[in-house]
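Undergrad: got a predicted model here, sequence first, then my questions.
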Amino acid sequence: MPARRPPVDVTQLGERLKQLRAERSQDDVVRSIEAKQGFRMSQRALGVLENAEVESPGARILDALAREYGVTIEFLLYGTKQRSTA
């Protein structure tokens, strides 16, 4: 049986998202995700994640952000295995 992961620390998740976004605006990120991936996400949704205002982030949003930033979902959630192989 695989080891269970600890709960996601949404504050750390938010900090990682802010660091990855760097100097880009939230608008730039969500527009890029929509253009490249066809996934519509609001600036508000990104802000909620960055400000740790959600207990359980959605898998589809995490996937879209991981793809946009070129990292793994595991990195977003736990800070490990940073670079995506895709």
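TA: Ah, there it is. Numbering: from 1, shown residues only.

Undergrad: so which strand or helix has the nearest residue to Arg40 once chain neighbours are set aside?
TA: Distances taken as CB to CB, 6 or more residues apart in numbering place Glu34 nearest to Arg40, at 5.4 Å, with adjacent residues excluded. From N, CA and C alone the C-beta is placed, and that goes for glycine too. With elements delineated by DSSP states H and E, Glu34 resides in helix 26-37, which encompasses its position.

Undergrad: for the helix or strand just after that helix, buried residues please.
TA: Helices and strands here follow DSSP H and E; after helix 26-37, the next one along the chain is helix 43-50. Of the residues in helix 43-50, those buried under the neighbour-count criterion (16 or more other CB atoms under 10 Å) are Ala45, Leu46, Val48, Leu49, Glu50.

Undergrad: list the contacts for the third one?
TA: Residues counted as contacts of Val48 (CB atoms under 8 Å, 6 or more residues apart in numbering) are Val54.

Undergrad: number of residues surrounding Gly14?
TA: Gly14 has 19 neighbouring residues, counting by other CB atoms under 10 Å.

Undergrad: kindly report the same for Lys81.
TA: Applying other CB under 10 Å, we find 12 other residues in the vicinity of Lys81.

Undergrad: contact partners for it?
TA: Taking CB under 8 Å, 6+ apart as the contact definition, Lys81 lies against Thr72, Glu74, Phe75.

Undergrad: show me which of the buried residues of helix 43-50 is closest to Leu20.
TA: Each of the buried residues of helix 43-50 was scored against Leu20 by CB to CB, and Glu50 proved nearest at 9.9 Å.

Undergrad: now that closest one: how far from Arg4?
TA: Shown here: Glu50 relative to Arg4, a distance of 26 Å by CB to CB, to the nearest Å.
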